[in-house]
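In: using only what follows, build the 3D model:
(one chain, ligands or ions: 2)
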Amino acid sequence: NYFYFFTFLMRKTKHALITGITGQDGAYLAKFLLKKNYQVFGTYRRLSTPNFWRLSYLEIEDRVKLIPADLIDTPSLIEAIRVSKPDEIYHLAAQSYVGASFDQPLSSGEFSGLAVSRMLESIRLFDPSIKFYQASSSEIFGKATTKSQNEQSSFIPQSPYATAKLYGYWMTQIYRDGYDMFAANGILFNHESPLRGLEFVTRKITNAAARIKLGLQKQLNLGYLGSYRDWGYAPEYVEGMWKILQQKKPDDFVLATNESHSVQEFVETTFSYLDLDWKKYVKIDKKFYRILEVNSLKGDSSKAQKKLSWKPKIKFKKLIQIMIEKDLERWQGWLNGEIFPWDANNYIGDEKTLFRKAN
Ligand code: NDP
Ligand code: GDP
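Out: Ligands and ions are numbered 1, 2, ... in the order given. Model (predicted):
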């Protein structure tokens, strides 16, 4: 009998709840967990224009169970936990864009910071045995003083976003230590893909370069090209998230490629891939400068490489190739009359938008 009970336990399908399943990481993670035979639940919020294009794009919208919830609405989060009965929660929902956090500092604190406590409190009250993954960010290193950053580096946030993420980072540790909960931070450096939001610099560049190549756009306006980032490939990073929750003990991990490149290098590599001279098309517009800039980030993911056996394979050049080829294919399809299955036409051209400016 024990044997049958044991095999029953072993066979039980695991349940995962992903907050922010409609975002880049949420969609890839859902796909990854479905392949691992999880039952996948995800939260979405009501928007005037529904945002399920990433789930459709990965052909998983019918395979995940969607639960309406908003990060400000605690009962809706508790309901999501009650309905999904998760073994693991991946808390990815947040106001995820550094630039917007200067325009909306309070709501960014609310959604990227306080909401983490709402999740942790809900888990503590509902079922503290649920494993919790917090989507922390390399932005917490901010004005980094070391050449590369690992789990021991200092935190010097430079934006409302980063400050909110740092709050979430500490709350996750507090619940881990104080309530003995399995709560872990993934401190992820930038990770990109063809599903990246268009306001982020990588996708803004590959999308514009593809359009320029096809004669659909003449110019690309960018801000500061001198900052350095450690850019990896999102599908590899969601696997790292899962590995973090499969550890015996909860712990925090940096995920990064351990390489750093400038925004200008990203521009040059993208345009030269299309045999274009970037200098002819790229214009600097100071309105895209940040109020405060994070000049240089470079990860050191040796702990994850050792303890999780996690190793990113797709580095800078390959990443750019994947993104540019997909954007090119999409816009070529559009020219051939294909209906947009993706995000591109949902954004108003950012040259029309009034952002807050630095002094
Ligand atoms: P996205 O912006 O693509 O996705 C964010 C998700 O959060 C979306 O599903 C969005 O829903 C949801 N969301 C935002 N506000 C609310 C709200 N008030 N209530 C409910 N849901 C909300 O981000 P990524 O997938 O790139 O990132 C995932 C997480 O990882 C984020 O927390 C981000 O800050 C963090 N991170 C990301 C990094 C990266 O390089 N991608 C690096 C380090 C950390 P909707 O679709 O409706 O807008
Ligand atoms: P972040 O690292 O999370 O802030 O990711 P982003 O992709 O938004 O920005 C990466 C870097 O690109 C930052 O240093 C930005 O200041 C810089 N950058 C330069 N021009 C632009 C632009 O037009 N849009 C964005 N989003 N970033 C830009």
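In: hey, where'd the helices end up in this protein?
Out: Read by DSSP state H, the chain holds these helices, from start to end of the chain: 2-11, 24-35, 53-57, 74-84, 98-103, 105-108, 115-126, 160-179, 201-213, 234-245, 263-273, 302-307, 316-335.
In: worst average pLDDT in those?
Out: The stretch with the lowest mean pLDDT among the helices of the chain is helix 2-11, which comes in at a mean of 63.
In: so for Thr49, what's the pLDDT?
Out: The per-residue confidence score, pLDDT, reads 80 for Thr49.
In: for burial, what's the neighbour tally of it?
Out: Other residues near Thr49 number 5, with proximity taken as other Cβ atoms under 10 Å. Yep, even glycine has a C-beta here, placed from its N, CA and C like the rest.
In: contacts only, for the spatially closest residue to Leu71 that is not a sequence neighbour.
Out: Nearest residue to Leu71, sequence neighbours excluded (Cβ to Cβ, 6 or more residues apart in numbering): Ala115, at 3.9 Å. Each residue near Ala115 by Cβ atoms under 8 Å, 6 or more residues apart in numbering is listed here: Leu71, Ile72, Ala93, Ala94, Gly168.
In: against ligand 1, how distant is the third one?
Out: Distance of Ala93 to ligand 1, computed by Cβ to the nearest ligand atom, to the nearest Å: 4 Å.
In: ok, the last one next?
Out: Computed with Cβ to the nearest ligand atom, the distance linking Gly168 and ligand 1 is 9 Å.
In: OK, contacts around the residue lying closest to that residue once chain neighbours are set aside?
Out: Spatially, and ignoring its direct neighbours in sequence, Gly168 is nearest to Val116 (3.5 Å; Cβ to Cβ, 6+ apart). Shown in contact with Val116 (Cβ under 8 Å, 6+ apart): His91, Gln134, Tyr167, Gly168, Met171, Thr172.
In: got it, and Asn190?
Out: The neighbourhood of Asn190, defined by Cβ under 8 Å, 6+ apart, consists of Ser138, Thr202, Arg229, Asp230, Trp231, Gly232, Leu297.
In: list only buried entries from those residues.
Out: With neighbours counted by 16 or more other Cβ atoms under 10 Å, these contain buried members at Ser138, Thr202, Arg229, Asp230, Trp231, Gly232, Leu297.
In: ok, of these, which one's closest to Arg63?
Out: Ranking those by separation from Arg63, with Cβ to Cβ as the measure, puts Gly232 on top at 25.9 Å.
In: and stretch 328-337, what's buried?
Out: Within stretch 328-337, the residues that qualify as buried by neighbour count (16+ other Cβ under 10 Å) are Leu328, Arg330, Trp331, Trp334.
In: Thr19 contacts Glu88, doesn't it?
Out: No: the pair formed by Thr19 and Glu88 falls short of the contact definition of Cβ atoms under 8 Å, at 11.8 Å.
In: near ligand 1, which residues of the chain show up?
Out: Proximity of the chain to ligand 1, by Cβ under 6 Å from any ligand atom, involves residues 20, 22-26, 45, 47, 51, 70-71, 92-96, 111, 135, 137, 188, 190-191, 197.
In: buried subset of those residues, written for ChimeraX?
Out: Command for ChimeraX, covering only those of the residues of the chain next to ligand 1 found buried under the criterion 16+ other Cβ under 10 Å:
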select :20,22,23,24,25,26,45,71,92,93,94,95,96,111,135,137,188,190,191,197
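In: in strands only, show me the buried ones among the contacts of Asn190.
Out: Secondary structure from DSSP state E places Arg229, Gly232 of the buried ones among the contacts of Asn190 in strands.
In: okay, the buried ones among the contacts of Asn190 in a markdown table with distance to ligand 2 next?
Out: Rendered in a markdown table, the data for the buried ones among the contacts of Asn190 read as follows (distance: Cβ to the nearest ligand atom, whole Å):
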| residue | distance to ligand 2 |
| --- | --- |
| Ser138 | 8 |
| Thr202 | 6 |
| Arg229 | 5 |
| Asp230 | 9 |
| Trp231 | 9 |
| Gly232 | 12 |
| Leu297 | 7 |
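In: next, format the buried ones among the contacts of Asn190 as TSV and append distance to Ser76.
Out: Compiled in TSV, those are given as follows (distance: Cβ to Cβ, whole Å):
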residue	distance to Ser76
Ser138	30
Thr202	32
Arg229	34
Asp230	35
Trp231	34
Gly232	32
Leu297	34
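In: what is the nearest of the buried residues of stretch 328-337 to Tyr38?
Out: The shortest approach to Tyr38 among the buried residues of stretch 328-337 belongs to Arg330, at 29.4 Å (Cβ to Cβ).
In: the closest one touches Thr206, doesn't it?
Out: No: taking Cβ under 8 Å as the contact criterion, Arg330 and Thr206 are not neighbours in contact, 10.3 Å apart.
In: neighbours around the closest residue to ligand 1 within the stretch 251-359 of the chain, how many?
Out: Of the stretch 251-359 of the chain, the residue with the smallest distance to ligand 1, taken as Cβ to the nearest ligand atom, is Leu255 at 8.8 Å. For Leu255, the neighbour count with other Cβ under 10 Å is 29.
In: ok, it - contacts?
Out: Listed by Cβ under 8 Å, 6+ apart, the contact set of Leu255 reads 186-189, 191, 232, 237, 240, 299, 301, 304, 310, 312.
In: thank you, goodbye.
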